[in-house]
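Q: Got a predicted structure plus its sequence, pasted below:
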Amino acid sequence: MKIAYLAWDLCDAATIRRVEMLQAGGAELAVAGFRRRARAPAHLAAVDLGRTFDGRLAHRAALVALRCLRPGALREVVQGADVILARNLEMLAIAAVARRAHARDARLVYECLDIHRLMCTSAALRAVEALLLRQCSALMVSAPAFLTQYFEPRHSRLPPTLLVENKVLTASPRPGAPHRRPGPPWRIGWFGNVRCRKSVALLKEIVRRAQGAVEVVIRGRPSAHTLADLEALIADTPGIRYAGPYSQADLAALYGEVHFAWSLDFTDEGMNSDWLLPNRIYEGGFYNTPSIAERRTAIGAWLADKGAGLLVDHPVDEIVRALTTLTAQDYRLLESRTCAIDTRALACGAQECRDLVAALSRLPSPRPAPIASATRLGTPRRG
């Protein structure tokens, strides 16, 4: 089975994980996409469609329009493909044009792992999305709330849906119970996509008010659009530090050195931030690190379903109160509840990769008429 994968950022860890997942599932893979860094990873052997930049939407739109007008660069990528998998709306538009030009028999799949705030506020963009969805054989999402809170209320016609969570992709067994030295100081780790400016302000206030009982370590690549000044922002707060980017090989050491994973996000509060299930809750759980999350969000509901995590309604007050009174015994209980999460809810191995490729292979062939009703390939459920 040949899958053509079109990605918005070839350098993104989630893109690389999806490529590895499809390859592990037995698919023949051809990859193309834009990139956010100077070079795309060489091992992807991808067709490079050019560089885009965080926050520069007009530039991105121009590049997408150019690629739609000139789909020839994707001829070898999509020709002979059984499935064209497009991540994000911009890539779906390009994929639809490339399929029409070079691969009319391919099934088109829309992969949505984030919902940009403009999709919630722009009727024009949703109209484009609706038009493209009617050409799709499936919609793939990473969180059930993307369906219940966004797609189903806003689109009357949806193709079959697939839920593929942002689980850890690994062939290694889950580590055993950790041997962290209890605090204080209690160390919070914020790892991954560092884009939430409000989180920086909250963490600074927590560290200040905890008066030495809490430390914060930030690792990852700060968003050039929202947090280009991250180091300057935290320079006035001893106890919070940015320690640079990391690779997936560093995850065990990163989570092993902190007591809690920061799993709050306010970038698109009331929208995407309330609906998503980010990598860090799966990574933190896999490495037996309790998450801190807002109870009202999908993250909080996911953790509550597992009986794990430190869940709060008012982040600063409740986190300061909890961590300045936390005992070693209390922490071991939180840690043990995270250790008790079923590993299958946190990580996927070879069989789950094969199941994904098999599900894609069973999708209905393209039809000239819009799909009349949504038939689920598996009913998403929380957790």
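A: Thanks, I have it.
Q: which one is residue 207 nearest to, not counting chain neighbours?
A: Excluding the flanking residues, the one nearest residue 207 by CB to CB, 6 or more residues apart in numbering is residue 239, at 4.3 Å. Any C-beta I mention is one placed from the backbone N, CA and C, and that applies to glycine too.
Q: The residue most central in space within the chain and residue 148, how far apart?
A: Centrality entry for the chain: nearest residue to the mean C-alpha point is residue 278, 4.9 Å, by CA atoms, centre = their mean. Taken as CB to CB, to the nearest Å, the spacing of residue 278 relative to residue 148 amounts to 18 Å.
Q: again with residue 16
A: The spacing between residue 16 and residue 148, counted by CB to CB, is 29 Å.
Q: Among those two, which residue is more densely surrounded?
A: Using other CB atoms under 10 Å, the more surrounded residue of residue 16 and residue 148 is residue 16, with 19 against 14.
Q: That one against residue 41, yeah?
A: Yes: with contact taken as CB atoms under 8 Å, residue 16 and residue 41 are classed as touching, separated by 6.6 Å.
Q: circling back: how many neighbouring residues does the residue nearest to residue 207 have?
A: Using other CB under 10 Å as the criterion, residue 239 is surrounded by 19 other residues.
Q: Kindly report the same for residue 318.
A: When neighbours are counted by other CB under 10 Å, residue 318 registers 15.
Q: Residue 84 too?
A: Neighbourhood size, residue 84 [other CB under 10 Å]: 29.
Q: ok, now residue 350?
A: The burial metric for residue 350, expressed as a neighbour count using other CB under 10 Å, is 13.
Q: In a helix, residue 68, correct?
A: Yes: checked against DSSP: H, G, I helix; E, B strand; the rest coil, residue 68 lies within a helix.
Q: Leaving out sequence neighbours, find the closest residue to it.
A: In space, residue 68 comes closest to residue 97 once its chain neighbours are excluded; the distance is 4.7 Å by CB to CB, 6+ apart.
Q: surely the one you found meets residue 65?
A: No: under the criterion of CB under 8 Å, residue 97 lies out of contact with residue 65, with a separation of 10.3 Å.
Q: What's the separation between residue 170 and residue 41?
A: 19 Å.
Q: quick one, strands of the stretch 1-150 of the chain?
A: Per DSSP state E, counting those that start in this stretch, the stretch 1-150 of the chain has strands spanning 2-7, 28-35, 47-51, 83-87, 107-112, 138-141. These are given in chain order.
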